[in-house]
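>>> The sequence and its predicted three-dimensional model are supplied below.
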Amino acid sequence: MDAQHSGATGGVAVVTGADSGIGRATAVRLARAGLDVGITYHRDLDGARGTAAEVRALGRRAAIAPMDLTELPAAADAVDGLAEELGRLDVLVNNAGTGVRAPFVEVPLEAVREVLDVNLVGPLLCAQRAARRMIRQGGGGRIVNVTSVHEHQPRVGAAPYCAAKGGLGLLTQVMALELAEHGITVNAVAPGEIATPMTGQEDVDVHGVSRPGVPLGRPGDAREVAAVIAFLAGPEAGYVTGASWSVDGGMLRMGPQAGSHLRDDSWRVP
């Protein structure tokens, strides 16, 4: 990414699923860094408008587009549409996601396909659109894929989600290798439990929530994830590509005993 369109001095980002949670926090953080922001939403138009208002309050332009990643490949058109409206594209954050909880032997095929489309195939197609545009523009770019700690570790009852996020993690590495010659970096951010609507926690003070199974003892705040995404999307991360950044309060470091579901601190006793 050249100096003219670095995250510090301007440019355009598209953040999928930016109507709430990590997506909203990321859109606002990127606006604070000086980028105009394209915002996609699935059902929550009011939420997307709220995000746009926050972006505009920071003096940046905002544009909104609906995106249903179960409607492929047409859903990826939103990336091109927002880039056209805002004039270019320098950063793509593939944040939109979904999940299903069911035993492996009972999960229906329709649910598997939906989770894979939204969490893996959709981000792939959106990234293709973004990368093609960045290559035509010249000057490089940034792609950040929001995965999950379940890119790296399994979770009982979440087979399609784990398969999709694991696939997106390895896809990130392939993209990083292939797009490096164009000056496009590609990284993943892997959140643990974050206080968002998706986890049933919205507008929660995370420092007042106990999570014994997380070394830092609490869930994360969406703004803490957004800060890492913004770093990877900015000029100071120009030599970082193909990496997966865990934002999980140290949970993955616990290995097989990890889990936000743990009810007490007994694991801390040697």
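Nice, I can see it.

>>> Return the list of helices and strands in contact with the longest helix seen in the chain.
If you go by DSSP state H, the chain has its longest helix at helix 159-179. Secondary-structure packing of helix 159-179 (3 or more CB pairs under 8 Å, 6 or more residues apart in numbering; DSSP states H and E): helix 109-116, helix 122-137, strand 141-146, strand 184-191. C-beta coordinates here come from the backbone N, C-alpha and C atoms, glycine included.

>>> closest to Asp205 out of those?
Closest to Asp205 of the helices and strands packed on helix 159-179 is strand 184-191 (CB to CB; 18.0 Å).

>>> At which residues are the helices of the chain located?
Under DSSP H, the chain gives helices at 21-32, 45-57, 77-86, 109-116, 122-137, 159-179, 222-233.

>>> which of those helices sits most buried?
helix 21-32 (a mean of 26; mean count of other CB atoms under 10 Å).

>>> How about residues contacting that helix?
7, 13, 15-18, 37, 39, 47, 50-51, 54-55, 58-60, 62, 91, 93, 95-96, 146, 191, 194, 196-198, 202, 221-223, 225-227, 229-230, 233 (CB atoms under 8 Å, 6 or more residues apart in numbering).

>>> redo that, cut-off 6 Å
13, 15, 17-18, 37, 39, 51, 54-55, 58, 60, 93, 95, 196-198, 222-223, 225-226, 229-230 (CB atoms under 6 Å, 6 or more residues apart in numbering).

>>> do the same with stretch 242-260
149, 152, 169, 173, 176, 187-193, 211, 213-216, 225, 228, 267.

>>> picking up where we left off before, and Met67, which of the helices and strands packed on helix 159-179 is closest to it?
Across these (criterion: CB to CB), the nearest stretch is helix 122-137, sitting at 8.2 Å.

>>> which intervals of the stretch 1-150 of the chain have sub-threshold pLDDT?
1-9 (pLDDT under 70).

>>> ok so, going back, which one of the helices and strands packed on helix 159-179 lies nearest to Tyr161?
Closest among the helices and strands packed on helix 159-179, using CB to CB: helix 109-116, at 5.7 Å.

>>> Can I get that closest one in PDB? Just the C-alpha atoms.
C-alpha atoms of helix 109-116 as PDB (Å, rounded to 0.1, in the frame of the first residue of the first chain):
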ATOM      1  CA  LEU A 109     -26.600 -30.500   5.500                       C
ATOM      2  CA  GLU A 110     -28.400 -27.200   5.000                       C
ATOM      3  CA  ALA A 111     -26.700 -25.800   8.200                       C
ATOM      4  CA  VAL A 112     -23.300 -27.100   7.000                       C
ATOM      5  CA  ARG A 113     -23.700 -25.400   3.700                       C
ATOM      6  CA  GLU A 114     -24.900 -22.100   5.300                       C
ATOM      7  CA  VAL A 115     -22.000 -22.000   7.700                       C
ATOM      8  CA  LEU A 116     -19.400 -22.800   5.100                       C
END
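
>>> what's next to that helix, contact-wise?
Thr70, Val100, Pro160, Tyr161, Ala164.

>>> ditto for stretch 177-191
Contacts of stretch 177-191 (CB under 6 Å, 6+ apart): 131, 134-135, 140-149, 151, 169, 172, 175-176, 225, 228-229, 232, 241, 243-247.

>>> Can you list the buried residues in that stretch?
Leu179, His182, Gly183, Ile184, Thr185, Val186, Asn187, Ala188, Val189, Ala190, Pro191 (16 or more other CB atoms under 10 Å).

>>> Need the mean per-residue confidence for that stretch.
Stretch 177-191 carries an average pLDDT of 98.

>>> Distance from the chain centre to it, please.
14 Å (CA atoms, centre = their mean, to the nearest Å).

>>> Now do the end-to-end distance for it.
In stretch 177-191, first residue to last residue: 23 Å (CA to CA, to the nearest Å).

>>> Stretch 225-239 now?
20 Å.

>>> Over to stretch 227-241?
Span of stretch 227-241 from end to end, CA to CA: 17 Å.
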